[in-house]
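K.L.:
got a structure for you, letters missing:
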């Protein structure tokens with residue numbers, strides 16, 4: 001049996017994407033080459049690895065076994081690269097980082113810029129997902145590092161603090177809520193909202209809490225980013241929910257007012273989670289250390305060290 005690392009990486013990409021086409025794209029490989037490699041692996045084993053259907057592929061029993069071992073082998077390669085990085089600069093490291101919307105939009109860009117500048121031989125795959133899905137991915141080995149809201153069940157994971165994420169409602173400056181010092185979500189939900197796309201992890205989080213309070217707002221339009229929401233709110237189209245950091249950044253140039261929520265769920269601690277920190281390759285451990293240092297530098301003094 002002769003599978004090389006390219007075969008194993010391709011198979012993991014295909015399995016995770018549930019599609020040979022999308023898996024080939026993630027592996028930067030032509031579809032014909034990817035299909036030929038998968039077929040060659042199946043011929044070598046003498047059994048099917050994938051069950052092909054109209055909507056993609058699923059794993060056959062042998063495919064589940066191969067996926068498990070492929071991830072172990074690739075993780076060991078990452079360990080080797082990390083440990084040899086100081087001696088062989090040509091070897092590249094790779095980290096899979098999954099995070100929620102607030103972390104990706106508000107906190108990660110600056111933190112990652114510093115790390116990537118210091119480690120030019122490390123690549124990072126960043127995925128935006130809901131916090132509960134991130135925790136499951138870290139436990140299952142789909143992600144090396146996760147950044148989640150701490151309301152998520154993190155049983156079995158090692159955690160470190162990353163940032164504070166406070167959600168606020170933004171309204172046009174002449175809106176009747178503009179002079180309020182704070183407001184409950186249920187009251188704000190009476191007004192037409194500008195929201196994020198339905199599949200956005202933060203919008204899923206907001207909708208989940210809205211359904212619990214019976215105060216789901218009517219959305220006039222759905223946008224892809226916080227800046228677009230702020231621009232529409234400033235033009236009087238409706239009200240919106242964004243992280244306080246995004247509101248502060250945008251209200252320097254846009255005319256809207258920010259009102260804090262009284263709801264406890266609107267204040268979230270963003271948390272770094274890993275299965276085992278000492279099991280990460282060296283460059284993965286270095287990334288966690290860098291993110292933790294960024295968190296300590298930006299968190300208010302009263303919250304540092306409370307995790």
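P.N.:
All right, it came through fine. Computed from a prediction, not measured in an experiment: that's the story for all the values here.
K.L.:
Which helix in the chain has the most residues?
P.N.:
helix 61-84 (DSSP state H).
K.L.:
quick one, what contacts residue 277?
P.N.:
By Cβ atoms under 8 Å, 6 or more residues apart in numbering, the residues touching residue 277 are 158, 285, 288. All C-beta spots, glycine's among them, are computed from the backbone N, C-alpha and C.
K.L.:
Quickly note the distance from it to residue 286.
P.N.:
The gap separating residue 277 from residue 286 is 11 Å, by Cβ to Cβ, to the nearest Å.
K.L.:
Repeat that for residue 224.
P.N.:
32 Å.
K.L.:
So which of those two has more stuff around it?
P.N.:
Between residue 224 and residue 286, counted using other Cβ atoms under 10 Å, residue 286 has the larger neighbour count: 19 against 10.
K.L.:
I'd assumed residue 271 was in contact with residue 107.
P.N.:
No - using Cβ atoms under 8 Å, residue 107 makes no contact with residue 271, being 11.9 Å away.
K.L.:
so where is the stretch 101-250 of the chain shaky, pLDDT-wise?
P.N.:
214-216 (pLDDT under 70).
K.L.:
what sits opposite the residue positioned nearest the centre of the chain in the beta ladder?
P.N.:
The centroid of the chain falls nearest to residue 99 when counting by Cα atoms, centre = their mean (2.1 Å). Beta-bridge pairing for residue 99 (DSSP bridges): residue 128, residue 147.
K.L.:
Pull the distance from the helix or strand hosting residue 136 to the chain's centre.
P.N.:
In this structure, residue 136 sits in helix 131-140 according to DSSP states H and E. Mean-position distance between helix 131-140 and its chain equals 10 Å (Cα atoms, centre = their mean, to the nearest Å).
K.L.:
what helices or strands is it leaning on?
P.N.:
strand 93-99, strand 145-149, helix 201-213, strand 267-274 (3 or more Cβ pairs under 8 Å, 6 or more residues apart in numbering; DSSP states H and E).
K.L.:
now the ones you listed in JSON lines, with distance to residue 130?
P.N.:
Below are those laid out as JSON lines (distance: least, Cβ to Cβ, whole Å):
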{"stretch": "strand 93-99", "distance to residue 130": "10"}
{"stretch": "strand 145-149", "distance to residue 130": "9"}
{"stretch": "helix 201-213", "distance to residue 130": "4"}
{"stretch": "strand 267-274", "distance to residue 130": "13"}
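K.L.:
which of these sits most buried?
P.N.:
Comparing the helices and strands packed on helix 131-140 by mean neighbour count (mean count of other Cβ atoms under 10 Å), strand 145-149 comes out on top with a mean of 27.
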